[in-house]
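1. Just the structure for this:
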Amino acid sequence: MSEQKFPKTHINYWKDRLKIRTANGTYQVQIRHKEKQRWFALDSTNITASATKARDIWTMLKGAGWDATEAKHKPKAQEVRNSPTVGQFLKEVKAKSNLRPATYEDYARAFRRLVSDIFHIGSKPDSELYIKKHDYENGGYDEWRGKVESIKLKRLTAERIQAWKVRYVREHEVGANGVPTPIKSKQVRNSANSIIRRSKSLWSKKILKFVSSSEKGSLALPENPFIEVDFEKKGWSIKKSLRKMVLSRSFRSSSQAGEAVKESDPENVYLSYYTPRRLDAEAIQDSMNSLTGKNYKRAVYAQQKRNSPDLFLKTFNLPMGTTTRSKRDITNVPAQALTLLNGGFVEGVAEKWSARIREDKLLENKEDRIDALFMDAYGRKATDLECKQILSYFNDFENEDVALKHVAFSILNSKEFIYVY
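-> Down below sits the predicted model:
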């Protein structure tokens, strides 16, 4: 007599496929569906109850698919794939990539170093964990490594990596006398770049295609934190690089930091908000010239004599033409404020600008002219308080033209005009 065959919707089909693979004696079953195969824990020592649950899992798989079924019956595995940790990522890379063991260990060591520094896990010499992480015999290293590898990958962002690099260079470029030196700065930058470069290698396309392959049920990785514009593949386009930067979260962040942000990131190490920055010298001069309504030559194209630089530009840190500079100085000195207050260039711009506003026939009253000044300079209208204060200031003058020129001059001297917020 031939053995009776049962369909998958019958519990007897699943009774023959149950396995005990753990010490607690509970049943497990391996189910295959659409070229994907998984073990499911049935959490029971009763064969009928286990077979019933196995059938229910199969039925759900047919109707809802793998994601919904695993979310219900394998929640821990689903969490690992959707929100993997550093350790789980490294384990997948080691198991599935074709890296040589020595190469993998070098990349993984750099990646752990980067993560530990970013999240301050034993990175400070005076911390207990810093001492422990060098203890390879008594478990100190394993404790440090465990904490590093428990960090969720999604917490590692491009902004945090960049903030770490800036902090790393500042902390290590100081020489024995407490002053940064060119040689020391170069060594530190090379060291930081080496750590980032080796860590970034773990996120190469050749590796990620195995680690994050959905067909193999692997990890669902967050956005590559080391991603950047590939100039060569994108035709060496600076425009595309700039587009990527200005559309980033950090660049678009508000400069107004909330109380929670001030408490969690007071020094803006993690770029939680946009740090106000002053315009370059040429941009300040061009911004002023554009207000006059006259044709002008942009400062970057203006003729410059090495032994006779433009005094306005020089005051705002235009590099000298007689030497080479890899990076501009950023200073905030009294001479800059005095140049804006007493310089003939700024006064001339204020006069031409106020004259243009005064002659505009579409501006019918004082309020319209005030709003026009603010729109030109700040890209916004004056607030009610600002408008009220300026109108009060107008009352102190018999000649409105003079008052308008003074207001224009004051705007050119404001922080909001020469800083990007």
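2. Where does pLDDT dip in the stretch 101-250 of the chain?
-> 175-178, 212-219, 227-236 (pLDDT under 70).
3. model confidence over stretch 5-14, on average?
-> For stretch 5-14, the mean per-residue pLDDT is 84.
4. so how far is it from its chain's centroid?
-> Computed by Cα atoms, centre = their mean, to the nearest Å, the chain-centroid distance of stretch 5-14 equals 53 Å.
5. same thing with stretch 309-327?
-> With Cα atoms, centre = their mean, you get 31 Å for stretch 309-327.
6. tell me which residues in it are buried?
-> 309-310, 312-313, 315-319 (16 or more other Cβ atoms under 10 Å). Backbone N, C-alpha and C define where each C-beta goes, glycine included.
7. What's the end-to-end length of that stretch?
-> 18 Å (Cα to Cα, to the nearest Å).
8. Let me see the ranges of the helices in the stretch 51-200 of the chain.
-> 66-73, 75-82, 86-96, 101-118, 128-132, 140-149, 158-172, 182-201 (DSSP state H, counting those that start in this stretch).
9. The residue positioned nearest the centre of the chain - nearest residue in space that isn't next to it in sequence?
-> For the chain, the residue nearest the mean C-alpha position is E159 (2.6 Å; Cα atoms, centre = their mean). Once flanking residues are discounted, E159 sits nearest to L271: 4.3 Å by Cβ to Cβ, 6 or more residues apart in numbering.
10. That neighbour is in what secondary structure piece?
-> Assigned by DSSP states H and E, L271 belongs to no helix or strand.
11. is it true that it touches I161?
-> No: the criterion here is Cβ atoms under 8 Å, and L271 misses it with I161 at 10.4 Å.
12. Nearest to L412, out of the helices of the stretch 51-200 of the chain?
-> helix 158-172 (32.0 Å; Cβ to Cβ).
13. Please name every helix or strand in contact with that closest one.
-> helix 101-118, helix 182-201 (3 or more Cβ pairs under 8 Å, 6 or more residues apart in numbering; DSSP states H and E).
14. again, only using 10 Å
-> If you count contacts as 3 or more Cβ pairs under 10 Å, 6 or more residues apart in numbering; DSSP states H and E, helix 158-172 packs onto helix 101-118, helix 182-201, helix 249-252.
15. which of the ones you listed sits most buried?
-> Of all the helices and strands packed on helix 158-172, helix 101-118 carries the top mean neighbour count, a mean of 18, counting by mean count of other Cβ atoms under 10 Å.
16. for the residue nearest to the centre of the chain, what are its contacts?
-> 225, 248-251, 253, 269-272 (Cβ atoms under 10 Å, 6 or more residues apart in numbering).
17. same check, this time on G379
-> G379 touches E416, counting by Cβ under 10 Å, 6+ apart.
18. Could you do F40 as well?
-> F40 is in contact with 27-31, 50, 53-54, 57-58, 61, 69-70, 73-74, 77, counting by Cβ under 10 Å, 6+ apart.
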